[in-house]
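Trainee: Mind looking at a prediction? Sequence and model below.
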Number of protein chains: 2
Amino acid sequence: MQGSSSVTILDIAREAKVSRTTVSAALSSTGRVSMATRNHVRAVATKLGYAPNQAARNLRRSRTGAIGLHLPDQVTGLAYYMEFTFGVVDRANEDDVAVVLSSLAHSTALAAKITDGMVAVDLIDGDPLIGDLMSRKIPLATGEHGNQAVGTNAGTVWSDHRASMLELLDHLHSQGCRRPAFLGPGQSSDWGRSLHRGYEDWCAKHAVQPNAGDLAFNATASEVREESLHLLRADPRPDAIVCAPDGSAIGVLTAAAEYSLTPGRDILVASCVDSPVMQMANPPITAIELDPRGMGRRCADMVLRLIQEPGAGPLEEKHPTTLKIRASSGPIRSNR
Amino acid sequence: MQGSSSVTILDIAREAKVSRTTVSAALSSTGRVSMATRNHVRAVATKLGYAPNQAARNLRRSRTGAIGLHLPDQVTGLAYYMEFTFGVVDRANEDDVAVVLSSLAHSTALAAKITDGMVAVDLIDGDPLIGDLMSRKIPLATGEHGNQAVGTNAGTVWSDHRASMLELLDHLHSQGCRRPAFLGPGQSSDWGRSLHRGYEDWCAKHAVQPNAGDLAFNATASEVREESLHLLRADPRPDAIVCAPDGSAIGVLTAAAEYSLTPGRDILVASCVDSPVMQMANPPITAIELDPRGMGRRCADMVLRLIQEPGAGPLEEKHPTTLKIRASSGPIRSNR
DNA sequence: AAGATCTGCGGGAACGATTCTGCAATCATG
DNA sequence: CATGATTGCAGAATCGTTCCCGCAGATCTT
């Protein structure tokens, strides 16, 4: 109703003929207020279009009203982290909490000063962030495990990438694949390690010689091409390539074409990360849907809970993944 | 030095043996302070590791310390908007300003209440946001023009997409293309209109019958395929397809394969938006680099300037684009 | 040389929300 | 019915910063 000019708690107090204290208590459901006055105050508040002043609230509560988001370096082109980010922002905004991206503008030390908590995703081994935050008692929620223990005001949301990898390889096997190769994201993140472990385990179980290469998160097109060709040069030649870094599957398709191999028929291709382009590729690429947006939401939710009740951790939650089967995973129609 | 416990302006005052007022003036370079005391105070401040309390500052200045970012609906998978977003966040964080994403969590009305200003990109015609903000005198910076006039506390950062389109079509022409088709993003955004205008103008100049289709920002793979096939069915068949929506070029490649056309030889393909996958495609796709991160930076910079001195607008800045020529744009080796 | 202006700095009042404490009035208890 | 516990609400302090004044002393004006 009131519109532009900001209406304060004092305006409500005057209008409702009670004190500031009572208004605050009535709105926040703390303190002792009768039901009658509580309802009355709330009615007046909505009538006046009251919105609490976050700055004043933060000052009084000695909070910053922001959480930090720590992304791996140089990943801004990757759809996964974008979706994750928007998930975090989405959830944080529900509580009128802002999100500050830390790897970009601030040193982690400074970021820790201006935030009430942190979300970090795909922490690289040995990242000093965890120790830093734990010693400052700043709540932390990580997407995927780090290689360090988290404290009592921290937690982790993770997916079982090893199981996903096994499921994917079993699917490829059912399509006729016998010698899958793996283009992994390196072993310096938990994600990469879990995928590698799944691949190695599967190969061991099926008595297959592993054929794996590694690629950085932000690998260039030529790096993807080179590493793909390297895998394809193996003897015996692989009949499937599973690739991890976001978007690299497109580069694998390109590399397969150089060998005159038709993806989805002569050689199967699958990605460990789904994204819109995967469906548009020729052929559409089988991929693991990681639901990054959901992950981001849950991480934000976790850190907000840890902010409200410190020392509730360490928390742990598991987030599901889904295998999206598309034409790139066969069945193999090789005539050998 | 002091580390975790927050050091306030009062601590500095005690240590430097001056008053709060003097400290504030010395640090903010407003008010009247001698050089000697200013330097002294600043030395003490850095010695104690002072960081201003944003909540208190915002409360006093009656600011929120945040700017809103208004994205088109359902675009979160698109690399362009992600880069743009990070550009905005990057610049905003430099001034300790947070970024609130508005299309996700809040209605624009609410977002306007909790932000000091807004950045909007690719506004759809008739979006009520502009009028809303202008009437509330909230600063606004838009990426690309809207179809409404902006007021004195607003501004626009834009790229000349019509000129980019002409440059791209001229390049295709030099590669042997004579009948380019255009897969546009619709006419409801300035970007889409500018591209269409460029395409129509070029066709008129070269006496070519236009062959254009439209695709939503968030078109699905099958929509991309269908629309691409529709363009390819034209008689005479186009010898190039220029496509606009982010990532759709991959779908166009797939569609071309259905016609047994080899992209980059039988039919040229180019994208109006560059992204990492464009380089990994087979063949790599010629594209217009829009520098979305730079755009985001400049938009944030503009709105921050408008917040500092209201009524300085309307501002206008032009942001350059670059044509990235790759193998998908020929030369044509058709044997007709 | 007397008044006017300027410089350097301190006192105090906000900004708006959240407690902590205090004080009546009501209720329970034996 | 007297004592103590509980309920419902108000007053006032507080968070850290900014900014309007005010006041000396120095400098400038005619």
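Mentor: Received it, and whenever you're ready, just let me know what you need.
Trainee: what separates A:Arg225 from B:Gln279, distance-wise?
Mentor: 10 Å (CB to CB, to the nearest Å). Using the backbone N, CA and C atoms, a C-beta is placed for each residue, glycine as well.
Trainee: err, A:Val273, not the other one
Mentor: With distances taken as CB to CB, A:Val273 is found 18 Å from B:Gln279.
Trainee: try A:Val208
Mentor: According to CB to CB, A:Val208 and B:Gln279 sit 32 Å apart.
Trainee: So between those two, which is more surrounded?
Mentor: Here A:Val208 and B:Gln279 are compared on neighbour count by other CB atoms under 10 Å in any protein chain shown; more neighbours surround B:Gln279, at 21 against 17.
Trainee: What is the burial count for whichever residue of the stretch 101-250 of chain A sits closest to DNA strand C?
Mentor: Residue of the stretch 101-250 of chain A nearest DNA strand C, by CB to the nearest atom of the strand: A:Asp116 (14.6 Å). A:Asp116: 21 surrounding residues under other CB under 10 Å.
Trainee: right, and it touches A:Arg63 too?
Mentor: Yes. Under the criterion of CB atoms under 8 Å, A:Asp116 makes contact with A:Arg63 at 5.1 Å.
Trainee: Quick check: neighbours shared by the two?
Mentor: Common neighbours of A:Asp116 and A:Arg63, using CB atoms under 8 Å, 6 or more residues apart in numbering or on different chains, are A:Ile307.
Trainee: A:Leu315 is in contact with A:Thr152, correct?
Mentor: No. If you go by CB under 8 Å, A:Thr152 and A:Leu315 don't touch, sitting 9.6 Å apart.
Trainee: Who are the contact partners of A:Val18?
Mentor: A:Ala26, A:Thr37, A:Val41.
Trainee: With A:Ser24 instead?
Mentor: When contacts are counted by CB under 8 Å, 6+ apart, A:Ser24 touches A:Ile9, A:Gly31.
Trainee: element containing it?
Mentor: Under the criterion of DSSP states H and E, A:Ser24 resides in helix A:20-28.
Trainee: Return that helix as CSV; C-alpha atoms alone will do.
Mentor: C-alpha atoms of helix A:20-28 as CSV (Å, rounded to 0.1, in the frame of the first residue of the first chain):
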residue,chain,number,x,y,z
ARG,A,20,8.4,-1.3,19.0
THR,A,21,9.2,-4.2,21.3
THR,A,22,5.8,-5.8,20.9
VAL,A,23,5.9,-5.3,17.1
SER,A,24,9.3,-7.0,16.9
ALA,A,25,8.1,-9.9,19.1
ALA,A,26,4.9,-10.3,17.2
LEU,A,27,6.5,-10.5,13.8
SER,A,28,9.4,-12.7,14.8
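Trainee: in that helix, what counts as buried?
Mentor: A:Thr22, A:Val23, A:Ser24, A:Ala25, A:Ala26, A:Leu27 (16 or more other CB atoms under 10 Å in any protein chain shown).
Trainee: repeat for stretch A:198-211
Mentor: Here stretch A:198-211 shows A:Gly198, A:Tyr199, A:Trp202, A:Cys203, A:Val208, A:Asn211 as buried, counting by 16+ other CB under 10 Å.
Trainee: first to last residue in it, what's the distance?
Mentor: The first and last residues of stretch A:198-211 sit 13 Å apart, counting by CA to CA, to the nearest Å.
Trainee: before we move on, what about stretch A:15-33?
Mentor: End-to-end for stretch A:15-33, by CA to CA: 17 Å.
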